[in-house]
Each structure stands twice: as structure tokens, then as C-alpha cells.
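*Asks:* Attaching a predicted model along with its sequence, questions to come.
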Amino acid sequence: MNKRKANELKDLIVTVLLVLSSILLIFSMIARFGFDQIKNYIPFLVLIFLVYGLERRFYIINYKKEVQRFDDDLLFKEILFDILVELKDINLPREKVYEKILQAAIKALKNADRGSVMRIKGEKGKETIEFVAAEGFDMNILRRVELKLSETYLYRGTNGEMDTPVVVSNGDEFDEKYSKGNSMFDELTRVGMDNVKTSLVSPIIISGEVVGMINIDSDINNAFADDDIVKMQLFAYKISEAIENHENFKNYNNLTKYDQLTNVYNKGYFSDIHMDMHYAGNTMSYLFVVLDINDLYAINDEYGREGGDRAIKELANVMRKIVPDKAIVGRYGGGEFNILFPNYSEEIAKITFNTISDYINVNKLDIGDAKVDLTFEYGLSKYPGDSRDYDELIGLASRRLKYYKNKNKERRFQNK
């Protein structure tokens, strides 16, 4: 027996007991005073007991409704709290963020069965929406769907304002609204959106701008009441704040980890990784490499600072493509990079840098109309083969870099 039927049975038993107690009280009075003495009062007594029984009945029903409302509110707050905690994980991919938000929203609303999250894209006046998460629908199909913003329920239900949640009973109106002139109608019907009876749609507003919407669907007619709208409004508001904080924290994290020009690790974060690798003792051996672009000052002089930046970015992009998966690349500054090869042989490192050199030799750097030669030198030190001292390994690689740059400088000028 489910909880709802058990509660209904309990209410019925209470009502029957009230009626029986009233009847027993009347019979006890007859037995004590005699029927003739109280017969004129029986209708009045029955009416009193009936009114009392109904009053108790309504009291119990209202009390249960209040308890249920309290339980629902408590559950909603717990769900909201849990999702806000989850969204503090800055490593959570954006797609997962939307999925978790949608799952929480469906869980928070009693009659919700499925739903979707849509993101707004495109320039102002030509905005479209794309599906970024779905529950109960085939996301592989929805990824192919792109609708005009003006075709959405939220846009229509708020006359383009999109500033508040709207409830749409769309079962009977789906064909009329979407089939006329909508090339995506077949895709939407394929996933079963034409079978939805009620939708509750709320905007996602970040920094005062509507960036998307949460669409919660039910297979029940008139599934969402005023309480659900209020809950959804609060949910969307808190979630919008959480998304904005998530993005801000992620951007801050990127600023503290990554070099803004090349998107490889910056000097500080690379040094942290290097020190952890060196002192943690989890790595049996590693290679430390200092690599520097040749003649970067000359490139800057001839093609300007933008030309030098192009050279730095190009080399970083090529390195990311070619270095082994477990190798770690960071930018020290200027045209100088550091690379770690954990548990790799020196031969693998040499093959890697020869491959990079061959690639940039064939694919010349484009700066304006010019094809520019991009070359580099590197110095390498081995742990523990060369030294077990952290600073000595860095110094050794730097001295070897300087040696090869001086050695090959004359050759480079002769080849020009």
C-alpha cells in the first residue's frame, strides 16, 4: 500500500470512529434517561455531533495539507541547497552544470516528469535557442534542433520580456504553435514533446541578461500551481547566481593557472606542478626542458609586438599538438617555455622536439603577407640522472639552452 492510500484509509477510520462515538453517546443517554425524556433532543444532538465530526474532519484535512506543504518546502530547500553546493565545483564542465540543474528542478517540483535547458545564442534581434541538456528526451535529436527565440513559450508568454516564469498548457496547442512554418517540428515530435500536457518555463538571468531557460514538463493537465511558480522563480534566481559564480570562479581559476596569450600553464602554476613532481616522490624520473624561440626580438622589431605574439602562440599551439599526453607545458615568459616529461626517456624528448621543428619548418608562420621562419633551441636536464637537487636541475637546463643558442647563432645567420 502506498503512502497516499494509507493516509486516505487513516482519514476514513478517524471519520468512522467519530460517527460511532456519536452513536454510542446517544445510546448511552437513552439507556440512562429513557427514550421519552431525550427523544426531542436527538435531532439536535445528532446535528451537534455531525457538525463536530465535520469540523474534526476538515481540521485533519487542513492540518495534513499544512504538514505536506511544510514537507514539500523542506524538500525543495534541501534540493536547492544540494545543487548550489554541487555547483561550487569549478571543475564541473558547463554541460554537466546544466544537467545537474535540470535534474534538481525536476526533483523539486511534485508533478514534473521531464524537461530541458535551452541556451540563447546569436546577435541581438536574430537570437536562436539550442538545447544544452534534457531529461526524458533524446538529447542526440535535440542537439540538431535550433529554434528562433520568438518561437519559445517563454518569449510568447511574456510578450518578449522573458522576465518571469510562465505556465503553458500546450497539449492541445502544440500542433498549432509549432507546425506552421517550423522546420524543426518533426524533430520535436520525434522526441515526444507533442505529448507534454503542461510546461513550466523559467528564464536564466545572469548580470541582468536572459541567457537561457529551464523548461519543466509534465504529462498531467494543469500540473503546476501557484506554489510551483513561486518555487521555480526562486530556484531559477538562485541557480542563475550559482551559474554566474561558477563562471567567475572558473575564469579566476584560469587566470591563476593559465598564460593568457598561449593558454598553456603560466610560470607560477607550472612551478607548483614541478615542485610537487620533484618532492612528492611519486615520479621515478623526469626530464626538465627549457625551450626558447630564436630571434624573437628581431621578429618584434620587424613585425611589431603582434608579430612576436603570433610566434609565441604558434609555437605553443604546435607543442600542445605534438608533445606526449603526459608531458606538461608552461610558459616562463617572453618566448621561453618549460616542459616536463614525467617517466619519459631522453630519446622520446629529442624525437618530440625534432617533430616540432620539422612541423614549423614546413608550415611557416604567417604574419601579414610574410612567411616567417620560426626556430627554437632547448636545454634538457634529467632527474635523477643529472641531479636530485631541484634548483640545480633548472640551472643545468638553462645553461645547456644558453650553450646551444650561442653555438647555433652563427649558423642561423649564415643561413639567412
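*Replies:* Looks like it came in fine. Residues are numbered from 1 along each chain as shown.
*Asks:* all helices for the stretch 201-350 of the chain, in order.
*Replies:* Taking DSSP state H, counting those that start in this stretch, the helices of the stretch 201-350 of the chain run over residues 226-257, 267-280, 296-322, 346-362.
*Asks:* Columns mean pLDDT and mean neighbour count on top of the ones you listed, output as CSV?
*Replies:* (Glycine included, C-beta is placed from N, CA and C.) As requested, the helices of the stretch 201-350 of the chain are arranged in CSV below (pLDDT from 0 to 100; neighbours: other CB atoms under 10 Å):
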stretch, mean pLDDT, mean neighbour count
helix 226-257, 82, 16
helix 267-280, 88, 14
helix 296-322, 93, 17
helix 346-362, 95, 14
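*Asks:* Could you double-check that residue 340 sits in contact with residue 274?
*Replies:* Yes: in this structure, residue 340 sits in contact with residue 274. The criterion is CB atoms under 8 Å, and the distance is 6.2 Å.
*Asks:* which is the next helix or strand following the lowest-mean-pLDDT helix or strand in the chain?
*Replies:* Across the helices and strands of the chain, the lowest-confidence element by mean pLDDT, DSSP states H and E is helix 174-178, at a mean of 51. Past helix 174-178, further along toward the C-terminus, the next helix or strand under DSSP states H and E is helix 185-190.
*Asks:* could you give the mean pLDDT of that next one?
*Replies:* Taken as a whole, helix 185-190 has a mean pLDDT of 76.
*Asks:* quick revisit: okay if I get the helices of the stretch 201-350 of the chain as a markdown table plus distance to residue 117?
*Replies:* Below are those laid out as a markdown table (distance: least, CB to CB, whole Å):
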| stretch | distance to residue 117 |
| --- | --- |
| helix 226-257 | 10 |
| helix 267-280 | 32 |
| helix 296-322 | 31 |
| helix 346-362 | 41 |
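*Asks:* For residue 163, see how far away residue 235 is.
*Replies:* To residue 163, residue 235 is 16 Å away according to CB to CB, to the nearest Å.
*Asks:* just residue 262 next, same as before
*Replies:* Applying CB to CB, one obtains 41 Å for the distance of residue 262 from residue 163.
*Asks:* Next: residue 248.
*Replies:* According to CB to CB, residue 248 and residue 163 sit 23 Å apart.
*Asks:* what residue is smack in the middle of the chain?
*Replies:* Using CA atoms, centre = their mean, the residue of the chain that lies closest to the mean C-alpha position is residue 97, 1.5 Å off.
*Asks:* can you tell me which helix or strand that one belongs to?
*Replies:* Secondary structure assignment for residue 97, by DSSP H and E: helix 94-108.
*Asks:* re earlier: more neighbours: residue 262 and residue 163, which one.
*Replies:* Neighbours were tallied for residue 262 and for residue 163 using other CB atoms under 10 Å; the higher tally belongs to residue 262 (21 against 10).
*Asks:* so what's the closest residue to the more buried one other than its chain neighbours up against?
*Replies:* Counting by CB to CB, 6 or more residues apart in numbering, the nearest residue to residue 262 once its immediate chain neighbours are dropped is residue 316, at 3.6 Å. With contact set as CB atoms under 8 Å, 6 or more residues apart in numbering, residue 316 has these partners: 261-264, 329, 331, 337.
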